[in-house]
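> Coordinates for the following, if possible.
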Amino acid sequence: MAKTLVLYYSATDTTKRIAETIADRLDADIHAIQAQQPYTAADLNWNDPQARTTIEQHQHAQRVPIKDDLPDTAGYQNIIIGHPIWWGIPPRLISATIDALDLNGKHLATFATSGGSNYDRSQRFVERTVKENGYDVQLNQGQVLNNPAQVDSWLNSLNLA
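Presented below is the predicted three-dimensional model:
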């Protein structure tokens, strides 16, 4: 049976809950992605044009450094990455995560939690980051997931190893 790793970033535990559901359904390992410099409540205030996340999300080539504690992906055939959607795309630390992983030969799927966005721009963001790294990876269509029924439907649609 193919091994699966679920990585996720969650500022408010919403994405964490969905990631845990996915890991449970797939009997997968799970690991939280963490920013090298943790976000404060003030950093996450999307109404403040000077908030850290507001500035980061509007710098298109930005990579937010992550803690150097990601699991070795060598023993995994499937990698699933979960994230919230900020300003229509994943937090910039997701691109840093993709940069740090060896995704060659893997099946990759990404998902998000969001109260109002679809996954279109996030999918393009992930596709661009994968291409920038030159990975030979089977990239699945990502989706916004907010409840267990959506998780089950999405998991059934994936092309995993």
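
> Show me the helices in the protein, by range?
Counting by DSSP state H, one finds helices in the chain at the ranges 14-26, 52-57, 93-100, 120-133, 148-157.

> what sits up against the helix-or-strand element of the chain with minimal mean pLDDT?
Lowest on mean pLDDT, DSSP states H and E among the helices and strands of the chain sits helix 52-57, with a mean of 82. Here helix 52-57 makes contact (C-beta atoms under 8 Å, 6 or more residues apart in numbering) with 39-40, 42-46, 48, 62, 64, 86-87, 89, 91-92. All C-beta spots, glycine's among them, are computed from the backbone N, C-alpha and C.

> Can you turn the buried part of those residues into a PyMOL selection?
To isolate the buried ones among those in PyMOL, judged by 16 or more other C-beta atoms under 10 Å, type:
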select buried, resi 39+43+44+64+86+89+91+92
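
> Tell me where the model's unsure across this protein.
In the predicted model, the chain carries pLDDT under 70 at residues 1.

> hmm, try it at 80
1, 60-61 (pLDDT under 80).

> Can you report how many residues lie near Val6?
Look at Val6: counted by other C-beta atoms under 10 Å, it has 26 neighbours.

> Right, I'll leave it there.
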